[in-house]
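Asker: give me coordinates for this.
(4 chains)
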Amino acid sequence: MVSMWSFPLLGGAGACYLIGCAVGLILGRWPLWANRFGYGLASLASLAVFLAGVLFLIDPQPQTGILFTTNFQWGLQMSIHLDAISAFFIVLLGLGGIAIGVYAGGYMRHFKQYSKRIPFLVAGFNLFWLAMLGVILANNIFGFLLCWEGMSLVSYLMVSFEHEKLEVRKSGFIYLITTHVGTAFLMGAFALLSANAGGSFSFDAIRAAQNIPAGSMIQSAIFICALIGFGTKAGIMPMHFWLPRAHPVAPGQVSASMSGIMLKMAIYGLLRVVSDLLLGGAAPPLWWGITIIVLGTASALLGALFALVETDLKRLLAFSSIENMGILFVCLGTAFIAQSLALPALTILAFCALLLHSLNHSIFKSLLFMGAGAIQHAAHTTNLEDMGGLIRYMPQTSVFMFIGCLASAGIPPFNGFASEWLMFQSVIGLIGHSQDLGGKIGATIILSALALTAAIATAAFLKVFGVAFLASPRKEKTAQATEAGRAMIRGIAIFAGLAAVLGIGSGAILWIISPVLKALTNAQSVALPVVWALPTGLSNTTLNVFSYVPVAILAPILIILLSWPLLRQYKPIRRVATWACGVKASSNTEYTALAFVKSLQQVFAGVIHEQQLIDTTYTLEPFVIKEQHYQQKREPFLSNSLMLRMKLEITKILDRVLFVQNGSVRLYLGYILLTLVALLIFSR
Amino acid sequence: MAFPLSLLMLLAGAISAFLTLIISRFSRNATFICFIGAAGPIIAAQSAVTLIAQILTQGGQFTFAPFFFADALSALLLGIIAMVSVLVMLYSIPYVLREFHQGHLSISQIGLLYFWSGLLLTTMYFTVLCSSLGVMWVFIEATTLVSVPLVGLTGSKASLEATWKYLMLATVGISFALLGTLILYASAVSQLGEGSNTLDWIFLLKHASDLNPGLVKLAFIFILVGYGTKAGLAPLHTWLPDAHSQAPTPISALLSGALLNCAFYGILRLFLIARITIGVEYPSILLIVFGLFSIGFVIPFIIRQYDLKRLLAYSSVEHMGIIALAIGIGGKLGMYAAALHMVTHALAKSTMFCVTGEVVDRTRTRKIARIAGLSQAAPIVSTLLFISALAIVGAPPMNVFISEWLTVMAMIVQQQYVIAGIFLMLLAILFGAMLARITPMVWGNQPPMLGPSDLSGIYSIVTITADPTTPMLQMQDIPNTNNMNTLSTHIDPPIHAAIIAPTSEKTHHFAILNGMAIGILIPACTALLLLGLWIPQWLSFWIQSASEVLK
Amino acid sequence: MITQFFGIKTIGACILQLALVISLAPLLQGLIKTLKARFQRRIGPPIWQPYTDLAKYWNKLPVASDQASWIFILTPFVVFGAMLFLAVLVPVLGISPLAGWDDLIVMLGVMALARVMSVLAGLDTSSAFGGMGSSREMLVSVLVEPGLLVTLTASAIRAGSTSLSAMSYSALRSQGTFLPASLLTGLAYVFILLAETGRLPVDNPDTHLELTMIHEGMLLEYSGRPLALMHWANWIKQFLLIALFINLFLPWGTTLNTDAFAWVSNSLALTGKFIFAAIGVSVIEMLEPKMRLFLLPRLLMTALLVAVLGMIIPNLFR
Amino acid sequence: MQPVQMVDISAILLLLSTCFLVVNRQLARGIVLLGLQSMLLSFIAVIVAATTGIQEIYIAALLTVIIKGVGATIVLGWVLRSAHTRIETNILSRGLSLAAVVALTFVGYSSVSPDLQVKTLFHTPNSLPIAISMVLIGVFIMITRKKALMTVIGLITIENGLFLFALSTTYGVPQFVELGIFLDVAISILMLGFFAFRINQMFDTLNVDILDELRG
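Answerer: The predicted structure follows:
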């Protein structure tokens, strides 16, 4: 009965967030203290949240409570509900909050010029986590939507932290609009759901009603609305455009929490609304899964490609988030398809992949964004082309970023690999189970696209680490970088440690997921470790999810044991300059981020448009060149230029429409007369 | 039925109006005039609240006197007018004083402002309290006539233009409404015979099924177009952005928050009759079409808007459209949503106008493009601006969201999925369009401010409360700065701010006025937020009774 | 299963296979080099030249760039260790000692780890050659990885498991029945094998000409023992990939029996198939010129498409 | 001649005078036409009062003569004297204007179906449609004329249409309503005159087309 402690813990956490918010504002005159106490309270609250989730998952007894309610039928009623699905995401939330809170406590010390605004950021941060907690716990439509939009608004305000910059203002605005459009779709979905439950706003009533006929238009409409709504938040293509703008411009801890945690709220929302409320554990129509998986694959592949060619560190990470959300959607789609084809084992495998990758992505992406924030502080840039050699100036950060990059690239033995491995398994399972040719071809294409994605993501993150940390610094200011503060390092270290531990121990934490799987599939019991064998397969070779564990443990042991004799004498006796054909090797000779991916970029030239700007000044035109500047602009297709053109066109049309109100009172009278005459004729 | 005293008390507004007019002829003390002018409407609002309590506790409909009648719907409108008038009148004090000290308003103009606005409030109260539809028409026309001078108060060319358009279009519109009323009367007379109560609302409602459907249909069209012009339904709204942008800011708040609802009240009354006589189908379709058109029509104007107050005026058109739409959709939920939206919009829009007044006053421009960096220069005002903007666009923690959301729910319940889809889409576009105008003013790094900061205002208020020897009335000593004003009209705002930055002594007085304004606006914005999170029992009872009438 | 895994038999098999792979990998490299020279009418190096090379490097003291960080130092160990691990994991003698846990995605992952480390090491010294090698390596790997995964998945689907041993076992069991799909995936595998091991027409392992080198570019700054480890690791990888090819696509001649005769015949068959593969590789190297770098995508995409076709084709003939 | 027929003919005459207003270009003549129209209307009121014996309608007739017939003429004439122009520019040609008037009259007639069962004595076949048509044409005059003066004239035409409607269908509305209406109309005409005067003073013209600063 340890789960009885969950609600008190959560209540305490909520109060703690509120106090943190208040403390941030009250201590406004002393930003440093506001920072320390505000974020400290956030971390503390997150710890409680984490514990609450874990305790619940140890002993999953669904609980419902009412925070407050009005006796007015359509008013706000904030009832909360804790079940396995929410508990899992609560664990994720708590985990993120602990590390990011610790990190953020040290982050703002470098933002001297913004000291007036820091208290607001502290307050916003606490509110943000409270809103996300509310989203997960909400048990009625009103509460959910309020927290959802509150989450969006607060994050918008935090994104606008450095609002002197035009780029920040623009990005923030685009984020705000996009997320609100998404919310509008969610409102549609919820309104339809509620209307089917007799106008009740309670999730319980919706769950109990379950009178939406399978395959009906209403059901499809709800699904599409939810998909668009949550897909926008998740940054799934083609609703992704806000993400690479908003995440990079925010302060480090904000982008870490947005990319790491907030995007997962979309996954939670999809699971809650589609799997739980809409389907109630029943099998979805086949095309839902197919739609999701196609969107996911496209996002994963394109996200990885855009990340590959990006040279701004934070934008690159944002594109990588799109890629990872795509992978999550692939897992979700696979689970849905497996559900509709009645393949329980595959369903469980795919959901397993989904949940594990959610956790893993939130860990390594937060880690990377926090690291990027640290670099931004130290080197005063997020442009990879200006960095280099940071491994010497920021030794600790570089180790953690190394882990983060490898985890993000899906390289063993870090956690990204563990969940991508499950993802590949489930897609391969999909191929194996496809009965018709179309399904097989489709699944195969998806598999190859995902393999390509993984490889491209690897290249992208090698670029990050190789260019930012290795070789020698490319700019003077980079060489003056110093190690990040202790608090920041601690925050990053928590996640780096988790990324390493979960890489090897992913199988071992699957027990956390098993109640969630039970809830998602409506199964009475879920057999873990999952035994998965293809129908045509050999009965004696079975594969289980745990199998990676001994392998992963074995590998480093083997490596160390076998290479120990070699290691003993291994130390370079001499350090000499790098050979560079006789000239002195310097930052001029090393590869740049642009050059590193140039050849790959040309392979995918169809998707990534390239603009070359060559600016030449002559001493004696056109023979003797004095200076030549080369600049390359790369933008993902469907990007800025297209949007700009669209904006111009729309503006032109609108300006034409404005003539309607041209100031002539006679024209206005004409409208009245015309309206009247039209009505008189119409009503005949 | 006993003649309630509170009905007489509603005349307090008119009495104080005449008082201010007289005083402004003799006194030069602007503060005094302001307080007298604001006191009357506030007393009237208090008695309106008493009246509402009486109406609601006695339940249903009742007649006070030969011409007076009220039911829950009137109570709703009474409440809205009272609410808006209290906010506006309180806010008008610092606003008007500041304008006066900066030389934008003269003493006689202040007198006129309070005179006409007191009369406007009184006519509005009586609009919703009269039993005869004919008398109602008279009062609605009267609201036009007394609000026209308010629009033209500043006497500039632009305000004269706005006044002319307002007068012209409202008069034409109102004539149509009169024709509609006459047609209704003709129908009633020929069917039910003549009597002094033939145009009485209860009488008509009782015999609505006996009326001639053809004539009632005709009457409804004329009344919809007529009062619709006054209520600002597109495409009849064209006077509205002009008038609302040219009037002094508190008056804009009054016009947008209360007057539009009063005009809409006229449509509602006839809608209730027409629904019985010609069936619910036809009037509902008309309202839905007008509603959707109003919401959609304003989009380009909001996207390409250059003037802050016009922006809000267009937003009012949109919100009147939402009310019309909700009523057209109908059903228990739809009517509730409409009633709630009247309240939420009135509160949000009047607050927003007042906040805008703060913004305009500190930047001395209404041009959106020229305002930036408010969050640095005036953090509290910018926060209030952002909160009220969120309320206006219906973002979730705010009160307008609830009514818009209930409207969507009503559509879904009535299975109007297409309309719900269009509505949600339009709302999302409007959200973007509106915030695209507001956010650039809030953010940025260019403080174009004039005068003291918000915080010093708050501190000044604290000083005053702590030290009663610094009365507000001291401010009459500040010299009229007309020459500064003439100078400023020719200079760009940022430069302006630099040139005529007030002296420290004056700064203190302005700080007190700014602080007072903020002190009024902070509770208002908090109310927007709180009403979004939690609607108290008495409020929901009030709105629900009104929606029962509509149902 | 756990007890079976840690049983003495399994450990013995592991050690045996490890020893076999480590010791024979340079021999295979020497064989290919010698054969290629012979085909080109040259005398070429002796067949055990790789061993002497290793010995030579082993006794030299290492020198490192002053730009190099711990990545540079660590890389040879990680790369060699990863290959050692693969040497235990991949089935060489029909079935892997770690049968049941030898997942194909784990294999790809460990190979990726090795590659990632060498790419980083190439970038670490701020040498243009290292960067170029790394960049090109990434180009090749991005194109190779999907192909390899799809090729192996085709076998996995047929075997009904993603275990490499199961795949190999299923190929052995079905030997004699000719599958057009196997031909296609086998063809794709050959392309990918050449690209993975850095052979012509993708990379030229014999030159250090900056215009052509990919793999060698990354190793340019290494010397002494680390260089030996890097080379050795590469040869092990080559050996393992060829072994996998033999097991999955050339199952003929190997029996599933476990008696003494079967041991002898299987060993002979395996040796013969390795020699055959070496001859094949050297023939291709003799015939094919080095491809332009930007023509590579075309080649490797073809391989991917062929693999996809091979995956789908069993259905067509069913 | 029967009183009913007289009302009917007067109604048609009213329509005719409205048509004249539409094609008229001289401001002074417009004011005179308006005065005539008001007189005609009060004549109808007198007939109705005499026939039905309702005393209040006499008052209404008197008020009409005073406010619209005399008052409006004087106010408008005062404005006209202070203006520089005498000639109105019509944005439509006479032919087009007439065509529009015909169309609007048609709308007026078609919107009132014959089976409306208005059972009053003076509900002649023409009075009610003409009343509605006059309202519409009044707006049309306001739309097509540029001078503030003609706009006011159009507005009064509308009021006249309303009055015709009230007289012919219901013998007017309840007394207090009627009083209120007259008060409002009087004030609104005064205000229009006043603001037309202000416009003339400020912009030095009666052309309302220059009032287009507020747009968008």
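Asker: which single residue of chain D ends up nearest chain C?
Answerer: Chain C sits closest to D:Gly216 of chain D, with a gap of 53.1 Å, by Cβ to the nearest Cβ. From N, CA and C alone the C-beta is placed, and that goes for glycine too.
Asker: find the nearest non-adjacent residue to that residue, please.
Answerer: Distance criterion Cβ to Cβ, 6 or more residues apart in numbering or on different chains; nearest residue to D:Gly216, sequence neighbours excluded, is A:Leu658 at 5.0 Å.
Asker: same deal with B:Glu161?
Answerer: D:Leu211 (4.3 Å).
Asker: mind listing what the one you found touches?
Answerer: A:Gly663, A:Val665, B:Glu161, B:Trp164, B:Lys165, D:Ile199, D:Phe203 (Cβ atoms under 8 Å, 6 or more residues apart in numbering or on different chains).
Asker: quick one, grab the pLDDT at it.
Answerer: For D:Leu211, the model assigns a pLDDT of 78.
Asker: try C:Leu209
Answerer: C:Leu209 carries a pLDDT value of 67.
Asker: make sure A:Ile441 is indeed in a helix.
Answerer: Yes: when classified by DSSP: H, G, I helix; E, B strand; the rest coil, A:Ile441 is found to be part of a helix.
Asker: does it touch C:Leu309 like I think?
Answerer: No: the criterion here is Cβ atoms under 8 Å, and A:Ile441 misses it with C:Leu309 at 9.9 Å.
Asker: higher neighbour count, the two?
Answerer: The neighbour comparison of A:Ile441 against C:Leu309 (other Cβ atoms under 10 Å in any protein chain shown) goes to C:Leu309, with 20 against 17.
Asker: measure C:Arg42 to chain A for me?
Answerer: 29 Å (Cβ to the nearest Cβ, to the nearest Å).
Asker: sorry, that was for B:Lys349
Answerer: Distance of B:Lys349 to chain A, computed by Cβ to the nearest Cβ: 20 Å.
Asker: and what of D:Gln26?
Answerer: Distance of D:Gln26 to chain A, computed by Cβ to the nearest Cβ: 20 Å.
Asker: what about that residue, neighbour count?
Answerer: Residues near D:Gln26, counting by other Cβ under 10 Å: 12.
Asker: so C:Ser161 makes contact with C:Met167?
Answerer: Yes: applying Cβ under 8 Å as the test, C:Ser161 and C:Met167 come out as touching, 7.1 Å apart.
Asker: pLDDT score assigned to the closest residue to C:Pro146 other than its chain neighbours?
Answerer: Nearest residue to C:Pro146, sequence neighbours excluded (Cβ to Cβ, 6+ apart): A:Ala451, at 3.7 Å. For A:Ala451, the model assigns a pLDDT of 93.
Asker: which element is A:Ala451 on?
Answerer: In the assignment (DSSP states H and E), A:Ala451 maps to helix A:437-469.
Asker: report the buried residues of that helix.
Answerer: Residues of helix A:437-469 classed as buried by neighbour count (16 or more other Cβ atoms under 10 Å in any protein chain shown): A:439-444, A:446-469.
Asker: buried stuff in the helix or strand hosting A:Leu176?
Answerer: Element membership for A:Leu176 (DSSP H and E) is helix A:166-196. For helix A:166-196, a neighbour-count test (16+ other Cβ under 10 Å) marks A:168-169, A:171-196 as buried.
Asker: quick one: average confidence on the helix or strand that that helix is followed by?
Answerer: Heading C-terminal from helix A:166-196, the first helix or strand you meet, by DSSP H and E, is helix A:203-209. In this model, helix A:203-209 has an average pLDDT of 85.
Asker: so which other helices or strands are in contact with the helix holding A:Leu176?
Answerer: For helix A:166-196, the packing partners by 3 or more Cβ pairs under 8 Å, 6 or more residues apart in numbering or on different chains; DSSP states H and E come out as helix A:141-159, helix A:203-209, helix A:217-234, helix A:243-249, helix B:399-413, helix B:417-442.
Asker: tell me how far it lies from the chain's centre.
Answerer: Relative to the chain's own centre, helix A:166-196 is displaced by 17 Å; criterion: Cα atoms, centre = their mean, to the nearest Å.
Asker: quick one, phi/psi of the closest residue to chain B within the stretch 301-450 of chain A?
Answerer: Closest approach between the stretch 301-450 of chain A and chain B, counting by Cβ to the nearest Cβ: A:His380, at 18.9 Å. Here is the backbone geometry of A:His380 (degrees, to the nearest 10): phi 60, psi 40.
Asker: near chain A, which residues of chain D?
Answerer: D:91, D:104, D:107, D:110-111, D:136, D:139-140, D:142-146, D:151, D:208-209, D:211-216 (Cβ under 8 Å from any Cβ of the partner chain).
Asker: give me the subset of these lying in helices.
Answerer: D:Leu104, D:Val107, D:Ser110, D:Ser111, D:Leu136, D:Val139, D:Phe140, D:Met142, D:Ile143, D:Thr144, D:Thr151 (DSSP state H).
Asker: please pick the buried ones from those.
Answerer: Neighbour-count burial (16+ other Cβ under 10 Å) applied to those gives D:Leu104, D:Val107, D:Ser111, D:Leu136, D:Val139, D:Phe140, D:Met142, D:Ile143, D:Thr144, D:Thr151.
Asker: tell me how far the ends of stretch B:323-341 are from each other?
Answerer: With Cα to Cα, to the nearest Å applied, stretch B:323-341 spans 6 Å between its terminal residues.
Asker: report the separation between the closest residue to A:Ile293 other than its chain neighbours and A:Ala298.
Answerer: Once flanking residues are discounted, A:Ile293 sits nearest to A:Gly333: 2.9 Å by Cβ to Cβ, 6+ apart. From A:Gly333 across to A:Ala298, the span is 11 Å (Cβ to Cβ, to the nearest Å).
Asker: between those two, which is the more surrounded one?
Answerer: A:Gly333 (26 against 17).
Asker: now do the helix or strand hosting that one: which elements does it pack against?
Answerer: Per DSSP H and E: A:Gly333 is located in helix A:313-340. Applying 3+ Cβ pairs under 8 Å, 6+ apart, we find helix A:313-340 packed against helix A:217-234, helix A:243-249, helix A:252-257, helix A:263-270, helix A:286-309, helix A:344-379, helix A:415-433, helix A:437-469.
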